[in-house]
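**Student:** everything below, folded, please.
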Amino acid sequence: MTVGMKERNKAFKERILTDVCPFTLGIEVIGERFAPIISRNATVPTSRSQFFSTTEDNQTVIRIAIYQGESLNIAENLFLGDFEINVPRNSAGRENVEVRFTYDINGILEAEVTALSTGEKRNKLIINGEMSEEEKNERIKILEELKIQSENQYKDKLLIERANRIFSEIVNMEIRNRISTYLDKYSLIVRTGDKISIQKAKKEFINFLDKIDPEMNDLGIDDILLDINENEDEEIMEEDELEFWN
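**Tutor:** Below you'll find the predicted structure:
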């Protein structure tokens, strides 16, 4: 699985690299077809997911068969391994799973499936070549971090898209300027990588958007501005009080 991947000194493993996946990775779906999850030439390390459903009534098991290749016909691709997850009995198409592939520059692939109705997870690690248990555990930890980063990036994208939507729907310049300020502040804090600061900034940003989102309230512009100003005054007072006692 490491064809086309460059070996690197361990000191550079955590840097942002520009390697690409030399083949497409995916799973088998109904009709013996190939459903890609990570496309060929995707920048690695990467973590991507897709959703799939049961295909039969009263189906209780979903098999995840992993392949690499470029053909729509599964028989023409290379089989890498498989595993299963249990799902509750239900009508065809009513039970859904999320299949996530996480792939790193060393050619290590973790396939994880989550049953959405139960929260149950199953995974399979596919490793090319010999690795010690310590090395395997180290790579698993890094793959977990990649999954978290991918999920956070997706949530950040949704948050920014929401801010852009509200910006386009509201013509009041004062509110637009505040949206821009919050967006700039949040983007800067995200770049620091400080998890606590990021969570705090995200919460403040979401609370602000909730107050001004036309889809969530029918307040007039004056009422929205009054509400925002009152909350900002309260936050300033709380910060001043905290500094006083510290």
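**Student:** which strands or helices does the helix or strand residue 113 falls within pack on?
**Tutor:** Per DSSP states H and E, residue 113 falls inside strand 109-115. On a contact count with 3 or more Cβ pairs under 8 Å, 6 or more residues apart in numbering; DSSP states H and E, strand 109-115 meets strand 61-68, strand 78-86, strand 96-103, strand 121-126, helix 133-169. C-betas here are computed from N, CA, C, even on glycine.
**Student:** that strand pairs with which strands, and in what direction?
**Tutor:** strand 96-103 (antiparallel), strand 121-126 (antiparallel) (DSSP bridges).
**Student:** how about the nearest residue to residue 57 once chain neighbours are set aside, secondary structure?
**Tutor:** Closest residue to residue 57 apart from its sequence neighbours, by Cβ to Cβ, 6 or more residues apart in numbering: residue 92 at 5.1 Å. Here residue 92 is recorded as coil under DSSP: H, G, I helix; E, B strand; the rest coil.
**Student:** count the residues that sit near residue 92.
**Tutor:** Neighbour count of residue 92, defined by other Cβ atoms under 10 Å: 12.
**Student:** show me the contacts for it.
**Tutor:** By Cβ atoms under 8 Å, 6 or more residues apart in numbering, the contact list for residue 92 reads 53, 54, 55, 56, 57, 59.
**Student:** PyMOL command to pick out the buried ones of those residues?
**Tutor:** Applying 16 or more other Cβ atoms under 10 Å to the contacts of residue 92, the buried members can be selected in PyMOL as follows:
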select buried, resi 53+54+59
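**Student:** and of the contacts of residue 92, the nearest to residue 32?
**Tutor:** When the contacts of residue 92 are ranked by distance to residue 32 (Cβ to Cβ), residue 55 comes first, at 12.4 Å.
**Student:** next up, the contacts around residue 96.
**Tutor:** Applying Cβ under 8 Å, 6+ apart, one finds that residue 96 lies in contact with 51, 52, 53, 54, 115, 116, 117.
**Student:** report the buried members of the residues you listed.
**Tutor:** Buried among these (16+ other Cβ under 10 Å): 52, 53, 54, 115.
**Student:** now, the most widely separated pair of the contacts of residue 96?
**Tutor:** 52 and 117, at 13.3 Å, using Cβ to Cβ across the contacts of residue 96.
**Student:** I'd say residue 163 and residue 181 touch.
**Tutor:** No - the criterion here is Cβ atoms under 8 Å, and residue 163 misses it with residue 181 at 11.0 Å.
**Student:** got the domain boundaries for this protein?
**Tutor:** Following automatic domain parsing, the chain resolves into domains at 10-129, 150-245.
**Student:** tell me the most buried of these?
**Tutor:** Mean neighbours per residue, mean count of other Cβ atoms under 10 Å, is largest over the domains of the chain for domain 10-129, with a mean of 16.
**Student:** average model confidence for that one?
**Tutor:** On average, the pLDDT along domain 10-129 is 87.
**Student:** relative to residue 176, how far out is residue 164?
**Tutor:** Distance of residue 164 to residue 176, computed by Cβ to Cβ, to the nearest Å: 11 Å.
**Student:** ah, wrong one, I meant residue 207
**Tutor:** Using Cβ to Cβ, residue 207 is found at 18 Å from residue 176.
**Student:** how about residue 79?
**Tutor:** 54 Å.
**Student:** ok, residue 185 next?
**Tutor:** 15 Å.
**Student:** and what of residue 195?
**Tutor:** According to Cβ to Cβ, residue 195 stands 30 Å off from residue 176.
**Student:** likewise residue 196?
**Tutor:** Residue 196 is 29 Å from residue 176, where distance means Cβ to Cβ.
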